[in-house]
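Student: take this sequence and fold it.
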Amino acid sequence: MFEDLAAAVDPLEIPVSGAALAELAALHHRLGVRLAQAAHRFAESRDWALDAAVSAKGWLTAHAAYSDAGASRLLATGRKLANLPITTDAALDGTLGSGQLEMILGAIRNSHVEKFAEYETTLIPQIAALSASDTAMVMRHWKNVITSEDEPPTEPPPSLHLNNLPDGRYALNGTLSEDAGNTVDAAIRLAVTDDVDGEPERTPAERRADALTEICQFYLDHHASTGLAINHPALIVKVDLEVLERRAPGIATRITGQPLTRAVLDRIACDADIHRYITDGAGVILDFSRRTREISDHLRAAITTRDGTCRFPECRRTINHCQVHHVIPWTEFGPTDPTNLAALCLRHHQILHTPGWAAKLLPDATLIVTTPTGRTLTSHLRPYARHSPTISP
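Tutor: Prediction:
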């Protein structure tokens, strides 16, 4: 059916030229408009049912290799353009570029298509001379004006779901209001940290996840507290003492019964209040007492005052984002005193409890970190060291 078009495309060689790229992009845009028009007519004809598809979208995913989202966008574009003749003509003759058309259609709700059609004659010539970003600004203004004429929409209540997965991880999803979303977005962007030399490289999504965890940990640490005291989150773990102190094999579990990895258990035990519960075979508590490994407020103040920031090499997270880390784990009989304690932000506290990483604290409080590849990174106390960490191959 389109043999001539295919014959023109197949041997096409595009020169490395800005002019050629711009010209081809314009042709691609016009072809995209034609495709959206055809998809809309196909959806209206219901010919997709002849192939036993349940919808035009389903037909596009099954027979035209579209994703669900891509099929939805194509059909939405065609549906809107069918009611916007001036916009369509401007897109086809090159008056509107692909970015401008995207901003226009993206700002128009389905319920406002007919309303925008009343403004086409005035708006399209003005938008034609604008960039895509300026077009978006104009359309936001138009949308606000039109929306204000409607009855105030009922905004659905915010929601947040945190579901525990079978492998012990959690799935987080939800919907926030615009103001709440802006607040959360700003907080996460502020809390995101870059990777430092020697760390595993993280994706942007992993950085955001770590940032959200740190924000929550910061709140738990400082909620209703004063001074340098830290409130430890209440996380109940069931573990035999011999397993905790590595004197016997075994596993630890959360109170819900989910198993904990050794790395997670070590990090929890590193800076937590540990209590002892003695139970009989039926689970009845026979005795309860607190163990004496807790880091006192005075000791915590001494460590945070000495270190000033996270002690991981190259990290500059401020002290109020830090936890106190046992360099030699308490479960391996590391002492709870300044010779064995260092301030670490949540991100680097987790890293040093990851298999393959190791650390050593020297008498002058120099912290030496060894990566899984065997490299060493050295962190001196900030007041006495103005240079970057020493890294050995």
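Student: ok, now which ones touch the spatially closest residue to Asn164 that is not a sequence neighbour?
Tutor: Nearest in space to Asn164, with sequence neighbours left out and distances taken as C-beta to C-beta, 6 or more residues apart in numbering, is Tyr170 at 5.8 Å. Any C-beta I mention is one placed from the backbone N, CA and C, and that applies to glycine too. Under the criterion of C-beta atoms under 8 Å, 6 or more residues apart in numbering, the contact partners of Tyr170 comprise Leu162, Asn163, Asn164.
Student: go again using 10 Å as the cut-off
Tutor: With contacts taken as C-beta atoms under 10 Å, 6 or more residues apart in numbering, Tyr170 has the following neighbours: His161, Leu162, Asn163, Asn164.
Student: and it, how far is that from Glu214?
Tutor: Summarising the geometry, the distance separating Tyr170 from Glu214, computed by C-beta to C-beta, to the nearest Å, is 16 Å.
Student: and Thr147, that's in a helix?
Tutor: Yes. Counting by DSSP: H, G, I helix; E, B strand; the rest coil, Thr147 falls inside a helix.
Student: from what I can see it touches His112, true?
Tutor: Yes. Under the contact definition of C-beta atoms under 10 Å, Thr147 touches His112, with a separation of 8.2 Å.
Student: neighbour count for those two, which is higher?
Tutor: Neighbour count, other C-beta atoms under 10 Å: between Thr147 and His112, His112 has more, with 17 against 13.
Student: grab the nearest non-local neighbour of that one.
Tutor: The spatial neighbour of His112 that comes closest, neighbours along the chain excluded (C-beta to C-beta, 6+ apart), is Ile146 at 5.6 Å.
Student: can you give me the pLDDT of the residue of the chain positioned farthest from its centre?
Tutor: Among the C-alpha atoms of the chain, the one most distant from their mean position (C-alpha atoms, centre = their mean) is that of Asp4, at 46.2 Å. Predicted confidence (pLDDT) for Asp4: 86.
Student: how close does it get to Thr147?
Tutor: Asp4 sits at a distance of 46 Å from Thr147 (criterion: C-beta to C-beta).
Student: re earlier: dump the residue contacts of the residue nearest to His112.
Tutor: Ala107, Ile108, Arg109, Ser111, His112, Lys115, Phe116, Tyr119.
Student: do I have it right that the fifth one meets Leu105?
Tutor: It stands for His112. No. Using C-beta under 10 Å, His112 is not in contact with Leu105; the gap is 11.1 Å.
Student: mind listing the shared neighbours of those two?
Tutor: Counting by C-beta under 10 Å, 6+ apart, the shared contacts of His112 and Leu105 are Lys80.
Student: rewinding a little: please report how far the residue farthest from the centre of the chain lies from Asp10.
Tutor: With the distance defined as C-beta to C-beta, Asp4 ends up 11 Å from Asp10.
Student: do the same with Pro355
Tutor: As judged by C-beta to C-beta, Pro355 and Asp10 stand 53 Å apart.
Student: the two: which is more packed in?
Tutor: Neighbour tally, Pro355 and Asp10, criterion other C-beta under 10 Å: the higher count belongs to Pro355, 10 against 7.
Student: SS state for that one?
Tutor: coil.
Student: surely it touches Thr371?
Tutor: No. Applying C-beta under 10 Å, one finds Pro355 not in contact with Thr371, separated by 12.0 Å.
Student: the strands in the stretch 201-350 of the chain, which residues?
Tutor: Assigned strands in the stretch 201-350 of the chain, in chain order: 237-238, 252-254, 259-260, 275-279, 285-290, 322-326, 341-345 (criterion: DSSP state E, counting those that start in this stretch).
Student: mean pLDDT for these: which is lowest?
Tutor: Here the lowest mean pLDDT among the strands of the stretch 201-350 of the chain goes to strand 285-290, at a mean of 50.
Student: so what's the closest residue in space to Gly356 that isn't next to it in sequence scoring on pLDDT?
Tutor: Here the nearest residue to Gly356 in space, its sequence neighbours aside, is Pro372; by C-beta to C-beta, 6+ apart that works out to 3.2 Å. Each residue has a pLDDT score; the one for Pro372 is 88.
Student: for Pro372, what are its contacts?
Tutor: For Pro372, the contacting residues are Gly198, Pro200, Thr354, Pro355, Gly356, Trp357, Ala358, by C-beta under 10 Å, 6+ apart.
Student: ok, Thr175 next?
Tutor: Pro156, Pro157, Pro158, Ser159, Leu160, His161, Gly181.
Student: that one pairs with what?
Tutor: Beta-bridge partners recorded for Thr175 (DSSP bridges): Ser159.
Student: what pLDDT does it get?
Tutor: 90.
Student: could you do the one 5 residues further on as well?
Tutor: Here, the pLDDT recorded for Ala180 equals 78.
Student: tell me the helices and strands packed up against whatever helix or strand it lives in.
Tutor: Counting by DSSP states H and E, the secondary-structure element that holds Ala180 is helix 178-191. Contact here means 3 or more C-beta pairs under 10 Å, 6 or more residues apart in numbering; DSSP states H and E; on that basis helix 178-191 packs against strand 170-175, helix 204-222.
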